[in-house]
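K.L.:
quick one: sequence plus predicted model below, questions after.
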Amino acid sequence: MSKHIAIGVDIGGSGIKAAPVDLKTGEFTEERYRIPTPDPSTPDAVARTVAKCIARFSPGRKTAIGVAFPGVVQRGVVKTAANVDDAWIGTNMRELIRDYAGHDVYVMNDADAAGYGEYKHGAAHGRDGVILMTTLGTGIGTAMIVDGQLVPNLEMGHIEIDGQDAEIAAAESARERLGLDWDGWIKNLQRYYSEIEKLLWPDLIIVGGGVSKSHHMFLPHLTLRAPIIPAELLNGAGIVGAAAWAASEHKKAEKARKDDEKKAARKAKHH
């Protein structure tokens, strides 16, 4: 596998999807592979399925592999698990998948992966400044990239507005749950995004999630300081972002390893 290709895996509530990604173009180099998420979605069952997805593409030893997960992930350890089994909380996901797959992987939050994908190859490509990605679905996923640096695990769907989680009123699921027409939902979105702007001052806001296909129904009706635009990578954003981020982390790790080797060699020379 060429060094310009990395593998991205996106773990969702209903399916686990993977594909090799061309890091220059952000395009899949083979057809996306999907396996239904195991039920129950315990750590072992999911890690085994992720390993199957990775094996499908026969990666080389140096191929970077990124995995996007629906929860907060800190240094490889899962801290929250919204749409998968609670047994994930406290699990070292990076080690578990490495044991099953026989390859090192880099794991990250799924909204972070989607945001990073849009930054590298989608709606925010080539943009500096503060970029905020929001995904409107069952809840609200958020990711922020500042001058190319990802700020991980930004859970801004859970900010409190009128005494409740913002996503209760502004997620896409709220339209059906609260029986809202477009105008009613737009009012809630306006309230949410105005609050977000007050806190973060983004230069650009990107909106993803299934409803972004109907962006013309609501985005033009929002009045904000920052431009607010639809995501471009659709369902592929998580895979592309996980692959691109893994490649960048892999590069950093390789550089650190080489620097350590040089230091050790210099030290040995002086002794």
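P.N.:
Great, that's in hand. Numbers count the residues shown, from 1 in each chain.

K.L.:
tell me how far Gln149 lies from Val240.
P.N.:
Using CB to CB, to the nearest Å, Gln149 is found at 18 Å from Val240. No exception for glycine: its C-beta is placed from N, CA and C like everyone else's.

K.L.:
can you show me the strands along the stretch 51-200 of the chain?
P.N.:
Remark: strands assigned in the stretch 51-200 of the chain by DSSP state E, counting those that start in this stretch are 65-69, 73-74, 77-78, 106-109, 130-136, 140-146, 149-151, 160-161, 164-165.

K.L.:
out of these, deepest packed?
P.N.:
strand 65-69 (a mean of 30; mean count of other CB atoms under 10 Å).

K.L.:
Arg225: how many residues sit nearby?
P.N.:
13 (other CB atoms under 10 Å).

K.L.:
quick one: it and Tyr119, what's the gap?
P.N.:
Separation of Arg225 from Tyr119 (CB to CB) stands at 20 Å.

K.L.:
what does Glu176 give?
P.N.:
31 Å.

K.L.:
can I see the domain layout of this structure?
P.N.:
The chain is divided into the following domains under automatic domain parsing: 5-112+235-265, 125-231.

K.L.:
turn those into JSON lines, including mean pLDDT.
P.N.:
Converted to JSON lines, the domains of the chain look like this (pLDDT from 0 to 100):
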{"stretch": "domain 5-112+235-265", "mean pLDDT": "93"}
{"stretch": "domain 125-231", "mean pLDDT": "95"}
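
K.L.:
pick the most buried one from those domains.
P.N.:
Sort the domains of the chain by mean neighbour count, taking mean count of other CB under 10 Å, and domain 5-112+235-265 sits at the top with a mean of 19.

K.L.:
centroid-nearest residue for the chain?
P.N.:
Ala113 (2.0 Å; CA atoms, centre = their mean).

K.L.:
quick one, what contacts His125?
P.N.:
118-119 (CB atoms under 8 Å, 6 or more residues apart in numbering).

K.L.:
out of the strands of the stretch 51-200 of the chain, the one nearest His4 is which?
P.N.:
strand 65-69 (14.6 Å; CB to CB).

K.L.:
how far does that closest one sit from the chain's center?
P.N.:
Centroid separation between strand 65-69 and its chain, computed with CA atoms, centre = their mean, to the nearest Å, is 8 Å.
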